[in-house]
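J.: any chance you could fold what I've pasted below:
(2 chains)
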Amino acid sequence: MSVTNAARSAPARSAGRPPSLGGNISAWSNRHRKWLFAAPAMIFVGVLIVFPLVWTLYLSLTDSQGSVRAATEFIGFQNYLTVLTDTDRFWPAVGRTMTFTGVALVCEVVLGMGIALLLWRPFRGEKWVRVAILLPLVATPVAVGMMWRLIFDPNIGFANQLLGMIGIPPQPWLSGQDTALGTTIFMDVWQWTPMVVLILLAGLTSLSDEPDEAARVDGANAFQRFFYITLPLMMPTVIVAILLRGIDALKTFDILYATKGKGGGSFNEVETLNVYAYGLSFDYNQYGLSSAVLILFFMIIIGSMWLLTMRKKAVSK
Amino acid sequence: MTVLTPGQTSTGKPPVVHRRRKPLATRAYKVFRVAALITVVLFLIAPLFWMLLASLKTNVDIYDTGKALIFSPTGENYANVLQRNNYFVFIFNSFWVAFVSTALSIVLGVPAAYAMSRFTMHRSALVVLMARVIPGVSLLVPWYYVFSNLRMVGRFEVLILSHMFVALPLIVYIMMSYFDSLPLELEESAQVDGLTPIGAFRRITLPLSVAGIATAGILSFIFSWNNFMFALVLSGSSTKTLPVAIFDFVSYASIDWGGLMAAATVVTIPIMIIALFTQKYIVSGLTAGATKG
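T.: Below is the predicted model:
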């Protein structure tokens, strides 16, 4: 409010001096600084993001395929019909996307909450634990994928050596048709639980001590205090963590493509919607079809975000 | 429970608070906590350590499960990767793309975040933040369409533009919550003292925002360095970045594990060193706006 007042007084100040071109430009830019500041970024976003989205929408209604320079024909909702009736690739991919995101999110939030509670109160060596938490988070996902490929290698991997020590027979891990998706979920949990820990820890440290103290005075034990005091107070932060992590988990591509390659493996074991759409576009050049998949995928993301935001509003009240 | 020593309540001094201690439960919890923390650290660090070890082994040693921890280290894999496979070029490409896209995004993003924070431009902010939600593939198809028709695929400009798509919304998001937390009074008093609003932004707000810009810049650099999908489609043989170079490593029939792990270490080590020195910034950037409610 007061900034806007000051903005109005700026030209008044320069009006006292003899008008100069520089003064005019300065007065003009000060008056219009709101849009002067915001416009470059907005235009960039508009050209690079909104325009491609509109184009994707258009492409999804055409039979574009093969070369990007080939002529295309408008075919209406044919692509959507093809995709939505495709029980071979599309619906399994939807299922895998949901399984991957759901299971990974549950593991990450539960583990993340546990670790955040462990780190909540200060202790000696805290610095080193925090470093350990940061490292998976910043590691390059493709490199992480390659690292796990070696560890989960059925013949020479450390994972099977470890299982062998406690007498469990070796598992196929990434190369198994039924175990591949679970293994990639494990990788996602390893890399991104730290992110959830950091968010929840920020939430925990911003909590006031008083409700917890009061419950302690009333004789509540640690579990009661967590489930009846801390957790309800943390709910908005938990939902933010789910929201931020969920968006990225839905869109996971790097570790899936790096560990299983094109089409999510030879039986499409880990083919999520993102991997499927990528494959349609750049491995098979089915631009029209992939655009339809992408629009549907986008709607799924927006839909789940909307649901979570509603939930957050309900919790915050 | 708070225990008050007799006579203290009436003096008006704040009562000294003694927390009731439960020695047994506390000690059991302490042991549990240390054990749990060690498990967590091992779980997070051991795989990275394994990658580092494998990068120092010959391929014969990697296949020998008896030499899991005890082996004679060799730098052969690194020499191979860096010299024969020209990784110095890829390191430079990754660095250059990350650096330029971050710098440009800061130039565009910081003023925009400032305007959006001070004038509460919620709808505009939403448009920019949408970019965090959109799946990258849905942008890649039109970009690829346009840039291949312009015959520009494989050039740095295209790669940098695509990385800015990730960097710019991130920087706007972090800087908005940073500007929200900066008190307005400083700018106001600067304007009372005769600075124009833009002058106040340039001379007062910007110098105060160095920590925030560092946070946003470091994170954006890391995300760009780690980015795989955009470079996979849009980079050419001379602009290939490290993640794509690593991916190409396995497209042959048999995997050179030692070399692959050396390559993976080469791409992760620089980013981890940056992270170690800028830990505080990274944490504040990743959790920006998360607790605002």
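
J.: test my guess that residue B:263 contacts residue B:80.
T.: No: the criterion here is C-beta atoms under 8 Å, and residue B:263 misses it with residue B:80 at 9.3 Å. Backbone N, C-alpha and C define where each C-beta goes, glycine included.

J.: any weak-confidence spans in the stretch 201-317 of chain A?
T.: For the stretch 201-317 of chain A, the stretches with pLDDT under 70 are A:317.

J.: strands along that one, start to end?
T.: Shown for the stretch 201-317 of chain A, no strands are assigned by DSSP state E, counting those that start in this stretch.

J.: follow-up on the earlier one: which one of residue B:263 and residue B:80 is surrounded by more residues?
T.: residue B:263 (30 against 16; other C-beta atoms under 10 Å in any protein chain shown).

J.: quick one, what contacts residue B:136?
T.: Counting by C-beta atoms under 8 Å, 6 or more residues apart in numbering or on different chains, residue B:136 touches A:251, A:253, B:165, B:229-230.

J.: go again with 7 Å.
T.: B:229-230 (C-beta atoms under 7 Å, 6 or more residues apart in numbering or on different chains).

J.: return the per-residue confidence for the residue nearest the centre of chain B.
T.: Centre of chain B computed as the mean C-alpha position; nearest residue by C-alpha atoms, centre = their mean is residue B:219, 3.6 Å away. On the pLDDT scale, residue B:219 is placed at 92.

J.: so it makes contact with residue B:287?
T.: No: look at residue B:219 against residue B:287 with C-beta atoms under 7 Å: they stay out of range, at 11.1 Å.

J.: up against chain B, what does the stretch 201-317 of chain A have?
T.: Residues of the stretch 201-317 of chain A lying near chain B by C-beta under 7 Å from any C-beta of the partner chain: A:202-203, A:206, A:217, A:236-237, A:240-241, A:247, A:251, A:253-254, A:258, A:274, A:277-278, A:281-282, A:287, A:290-291, A:294, A:297-298, A:301-302, A:305, A:316.

J.: just the buried ones out of those residues, please.
T.: A:202-203, A:236-237, A:240-241, A:247, A:251, A:253-254, A:258, A:274, A:277-278, A:281-282, A:287, A:290-291, A:294, A:297-298, A:301 (16 or more other C-beta atoms under 10 Å in any protein chain shown).

J.: list the buried residues of stretch B:50-57.
T.: B:50-57.

J.: how many other residues sit next to residue A:128?
T.: Neighbours around residue A:128, by other C-beta under 10 Å: 12.

J.: just say helix, strand or coil for it.
T.: Following DSSP: H, G, I helix; E, B strand; the rest coil, we place residue A:128 in the helix state.

J.: which other helices and strands does the lowest-mean-pLDDT helix or strand in chain B contact?
T.: When each helix and strand of chain B is scored by mean pLDDT, DSSP states H and E, helix B:122-130 comes last, with a mean of 75. Contacts defined by 3 or more C-beta pairs under 7 Å, 6 or more residues apart in numbering or on different chains; DSSP states H and E place helix B:122-130 against helix A:33-45, helix B:156-181.

J.: kindly reformat those as TSV containing distance to residue B:122 and mean neighbour count.
T.: Output for the helices and strands packed on helix B:122-130, formatted as TSV (distance: least, C-beta to C-beta, whole Å; neighbours: other C-beta atoms under 10 Å in any protein chain shown):
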stretch	distance to residue B:122	mean neighbour count
helix A:33-45	12	20
helix B:156-181	10	23
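
J.: worst average pLDDT in those helices?
T.: helix A:33-45 (a mean of 84).

J.: list the contacts of it.
T.: Around helix A:33-45, the neighbours that count as contacts under C-beta under 7 Å, 6+ apart are A:29, B:108-109, B:111-112, B:114-116, B:119, B:121, B:124, B:127-128, B:131, B:168, B:172, B:197-198.

J.: now, of those residues, which are buried?
T.: B:108-109, B:111-112, B:114-116, B:119, B:121, B:124, B:127-128, B:131, B:168, B:172, B:197-198.

J.: sorry, back to before: using CSV, write out the CA atom coordinates for the least confident helix or strand of chain B.
T.: Extracted in CSV, the C-alpha atoms of helix B:122-130 (Å, rounded to 0.1, in the frame of the first residue of the first chain):
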residue,chain,number,x,y,z
HIS,B,122,-1.3,-14.2,-7.4
ARG,B,123,-2.6,-15.1,-10.8
SER,B,124,0.6,-14.3,-12.6
ALA,B,125,2.6,-16.2,-10.0
LEU,B,126,0.3,-19.2,-10.6
VAL,B,127,1.1,-19.1,-14.3
VAL,B,128,4.8,-19.2,-13.6
LEU,B,129,4.5,-21.9,-11.0
MET,B,130,2.4,-24.0,-13.4
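
J.: okay, now the unreliable bits of chain B?
T.: In chain B (pLDDT under 70), the answer is B:1-25, B:251-253, B:289, B:291-293.

J.: repeat that with 50
T.: Scanning chain B with the threshold set as pLDDT under 50 gives B:1-13, B:293.

J.: got the domain boundaries for it?
T.: Here the domain assignment for chain B is B:24-67, B:77-288, based on automatic domain parsing.

J.: closest to residue A:94 out of those?
T.: Of all those, domain B:77-288 sits nearest to residue A:94, with 13.7 Å by C-beta to C-beta.

J.: start to end distance for the closest one?
T.: With C-alpha to C-alpha, to the nearest Å applied, domain B:77-288 spans 40 Å between its terminal residues.

J.: repeat that for stretch A:67-78.
T.: 20 Å.

J.: that older thread, and the domains of chain B, which is most packed in?
T.: domain B:77-288 (a mean of 20; mean count of other C-beta atoms under 10 Å in any protein chain shown).

J.: ok, is whatever helix or strand residue B:259 lives in in contact with chain A or not?
T.: Residue B:259 is part of helix B:257-277, with elements assigned from DSSP states H and E. Yes: judged by C-beta under 7 Å from any C-beta, helix B:257-277 comes into contact with chain A at B:257, B:260-261, B:264, B:267-268, B:271-272, B:275-276.

J.: which of these sits closest to residue B:182?
T.: residue B:275 (25.7 Å).

J.: for the closest one, what are its contacts?
T.: Counting by C-beta under 7 Å, 6+ apart, residue B:275 makes contact with A:134, A:138, B:282.

J.: chain center to whichever strand or helix holds the last one: distance?
T.: Applying DSSP H and E as the criterion places residue B:282 in helix B:279-286. If you compare the mean C-alpha spot of helix B:279-286 with that of the full chain, they lie 8 Å apart, counting by C-alpha atoms, centre = their mean, to the nearest Å.

J.: do the same with stretch B:36-46
T.: 21 Å.

J.: got the contact list for it?
T.: Counting by C-beta under 7 Å, 6+ apart, A:115, A:118, A:129, A:132-133, A:135-136 sit against stretch B:36-46.

J.: run through those residues and flag the ones next to chain B.
T.: Applying C-beta under 7 Å from any C-beta to those, those adjacent to chain B are A:115, A:118, A:129, A:132-133, A:135-136.
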